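# sequence and predicted model, in that order:
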Amino acid sequence: MTTTNEVGTGHRSGRLMLNKVPEVTIWFWVIKVLCTTVGESFADWINMKLGVGLVNTAWIFTAVFVVVLGVQLRLKRYVPFPYWLTVVVVSVTGTLYTDILTDQLNVPLWISTSVFSVLLAVVFGAWWLRERTLSIHSVNTLPRESFYWLTVLVTFALGTATGDWTLELTGWSPGVSVLLPLGLIAAITLLWKFGANPVLSFWLAYILTRPLGANIGDWLASPKVAQPGEPTGLALGTFTTSLIFLGLILATVVYLTVTRSDVTETYDATHIPQVAADPRRERVALAGFGLLAVTTGALLGWAHSQPHVGPAPEEDATSTVHLAPGQAVKKFPAAKVDALKALASTSLKDARTGNASGAHKAAQSLRDLWDADQATLQPLLTDMR
């Protein structure tokens, strides 16, 4: 799937550069999914396995994103390594922002999805009004590239919210959930082949690669056996999954660097230009997009109406300790108590309403918060027994 090669005739400002975005070939989509998958698994590894915590992980990747984006913006042409490094980092950063809204601020996923959808429309509108094009083949000025990366950041946040909301609605496992975005991308590709607007087709597929890559990462990393309602997979773990996909990304980037097959100027010199768009076919394809949206909504509605399996209650083999009301947390910092209570309440509420994905995430955040402060809180708890 490619976008048109037209260059907008709208307002331009800043120095004119060679196109800063790679040609949209099969390699573009392969490495995009790889970046999305490693972004999901690597963020989970840092957040959960290293005990850094969700908010701290978000701060770390925000700082890294600022640095790598600064390097990318200073270049005068597309260079594979810094470009795809920026994509990896922005995939993690956008995902973390959505997770903070969901797990820390308890914002419902349908609200996050709606807000990011409106924000994406605003970014697209501002981009179009200023530049009169949304084609990635004309990202050759600083303003256009700034709009491009802002759009990419929002699409990752939107893709995360939409993907998690889908899991919440359906209760599907990561392995089954892969099929929905994969099928939608295949349908979009067919409509693009038929004559759909290439820019619209590109951005729709781009958004869907986020839940596709995330579900692949969860499927590979999740254990083979888990409690009912929790994700199962191939049990590779987040660290091993990250290493495998980082290796694949590096190999692909090296190949693209050597061959320059995804450089727009090289691609244009070796391929026949696409024929002009057919307005009639674009209108028919637009109706096809509408039908696809209705069908997807109907499928999600049907899946949501089916019985969901929530997490099974765990047996508690520990001895019972009887304490007076409030004694267990008497010496705990009030802010920590409130945070732990909020996460525990969210996990229980989601479990009771059948939201397995939300309950699982809240429980993980509760564990991460305790792990981060266990060294200071455990002695306080021991003193009360």
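Yes, it's here.
# pLDDT below threshold where in the stretch 201-350 of the chain?
Counting by pLDDT under 70, the stretch 201-350 of the chain shows low-confidence ranges at 226-229, 264-276, 308-332, 337.
# doesn't residue 92 make contact with residue 43?
Yes - with contacts counted by C-beta atoms under 8 Å, residue 43 reaches residue 92, the gap being 4.6 Å. C-beta coordinates here come from the backbone N, C-alpha and C atoms, glycine included.
# so for these two, which residue has more residues nearby?
Neighbour count, other C-beta atoms under 10 Å: between residue 43 and residue 92, residue 92 has more, with 29 against 26.
# spit out the contact partners of the more buried one.
Neighbour list for residue 92: 39-40, 42-43, 61 [criterion: C-beta atoms under 8 Å, 6 or more residues apart in numbering].
# which one is it nearest to, not counting chain neighbours?
By the measure of C-beta to C-beta, 6 or more residues apart in numbering, the closest residue to residue 92 outside its immediate chain neighbours is residue 39, 4.2 Å from it.
# for residue 214, same thing?
Closest residue to residue 214 apart from its sequence neighbours, by C-beta to C-beta, 6+ apart: residue 40 at 4.4 Å.
# what helix or strand does that neighbour sit in?
Secondary-structure assignment from DSSP states H and E places residue 40 in helix 26-44.
# now do the buried residues in the following helix or strand past that helix.
With elements assigned by DSSP H and E, the helix or strand that comes after helix 26-44 is helix 54-74. With burial defined by 16 or more other C-beta atoms under 10 Å, the residues of helix 54-74 counted as buried are 54-55, 57-58, 60-61, 64-65, 68-69, 72.
# redo the contacts of residue 92 as JSON lines? Include distance to residue 221.
Conversion of the contacts of residue 92 to JSON lines gives the following (distance: C-beta to C-beta, whole Å):
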{"residue": "39", "distance to residue 221": "13"}
{"residue": "40", "distance to residue 221": "9"}
{"residue": "42", "distance to residue 221": "10"}
{"residue": "43", "distance to residue 221": "11"}
{"residue": "61", "distance to residue 221": "19"}
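# tally of neighbours for residue 77?
Using other C-beta under 10 Å, residue 77 has 12 other residues around it.
# pick out the most distant pair among the contacts of residue 92.
Largest separation among these by C-beta to C-beta: 40 and 61, giving 12.4 Å.
# who does the helix holding residue 40 touch, helix- and strand-wise?
In terms of contacts (3 or more C-beta pairs under 8 Å, 6 or more residues apart in numbering; DSSP states H and E), helix 26-44 is packed against helix 80-99, helix 198-221, helix 237-259.
# which parts of the shortest one are buried?
Neighbour counts using 16+ other C-beta under 10 Å place 80, 82-99 of helix 80-99 among the buried residues.
# next: the last one.
Applying a neighbour-count criterion of 16+ other C-beta under 10 Å, one finds 237-239, 241-246, 248-249, 252-253, 256 buried in helix 237-259.
# ok so, going back, can I get the buried residues of helix 54-74 in CSV with distance to residue 177 and pLDDT?
Listed next are the buried residues of helix 54-74 as CSV, based on distance: C-beta to C-beta, whole Å; pLDDT from 0 to 100:
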residue, distance to residue 177, pLDDT
54, 22, 83
55, 27, 86
57, 23, 87
58, 24, 89
60, 28, 90
61, 24, 91
64, 28, 94
65, 27, 95
68, 29, 97
69, 30, 96
72, 31, 96
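# could you export the residues you listed as CSV, including distance to residue 193?
CSV is the format used below for the buried residues of helix 54-74 (distance: C-beta to C-beta, whole Å):
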residue, distance to residue 193
54, 41
55, 44
57, 40
58, 39
60, 41
61, 36
64, 38
65, 35
68, 34
69, 34
72, 31
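# which one of those residues is nearest residue 29?
Out of those, the member with the shortest distance to residue 29 (by C-beta to C-beta) is residue 72, at 20.1 Å.
# residue contacts, the closest one?
Under the criterion of C-beta under 8 Å, 6+ apart, the contact list for residue 72 reads 20, 82-83, 86, 149.
# most widely separated two among these?
Pairwise distances among these were taken by C-beta to C-beta; the largest, 12.1 Å, belongs to 82 and 149.
# please enumerate the strands of the stretch 101-250 of the chain.
Remark: no strands are assigned in the stretch 101-250 of the chain by DSSP state E, counting those that start in this stretch.
# longest helix in this protein, please.
Counting residues, the longest helix found in the chain (DSSP state H) is helix 142-170.
# which helices and strands sit right next to it?
For helix 142-170, the contact count by 3+ C-beta pairs under 8 Å, 6+ apart identifies helix 54-74, helix 80-99, helix 109-131, helix 174-177, helix 198-221, helix 279-305, helix 356-382 as packing neighbours.
# now distance to residue 185 too, for the ones you listed, in a markdown table please.
A markdown table is the format used below for the helices and strands packed on helix 142-170 (distance: least, C-beta to C-beta, whole Å):
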| stretch | distance to residue 185 |
| --- | --- |
| helix 54-74 | 26 |
| helix 80-99 | 17 |
| helix 109-131 | 18 |
| helix 174-177 | 14 |
| helix 198-221 | 5 |
| helix 279-305 | 11 |
| helix 356-382 | 22 |
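# returning to that earlier point: for the helices and strands packed on helix 26-44, which one sits closest to residue 29?
Comparing the helices and strands packed on helix 26-44 by their distance to residue 29 (C-beta to C-beta), the top pick is helix 198-221, with 7.1 Å.
# counting contacts, what elements does that closest one pack onto?
For helix 198-221, the elements it packs on are helix 26-44, helix 80-99, helix 142-170, helix 174-177, helix 179-194, helix 237-259, helix 279-305, judged by 3+ C-beta pairs under 8 Å, 6+ apart.
# now with 10 Å, please.
Contacts defined by 3 or more C-beta pairs under 10 Å, 6 or more residues apart in numbering; DSSP states H and E place helix 198-221 against helix 26-44, helix 80-99, helix 109-131, helix 142-170, helix 174-177, helix 179-194, helix 237-259, helix 279-305.
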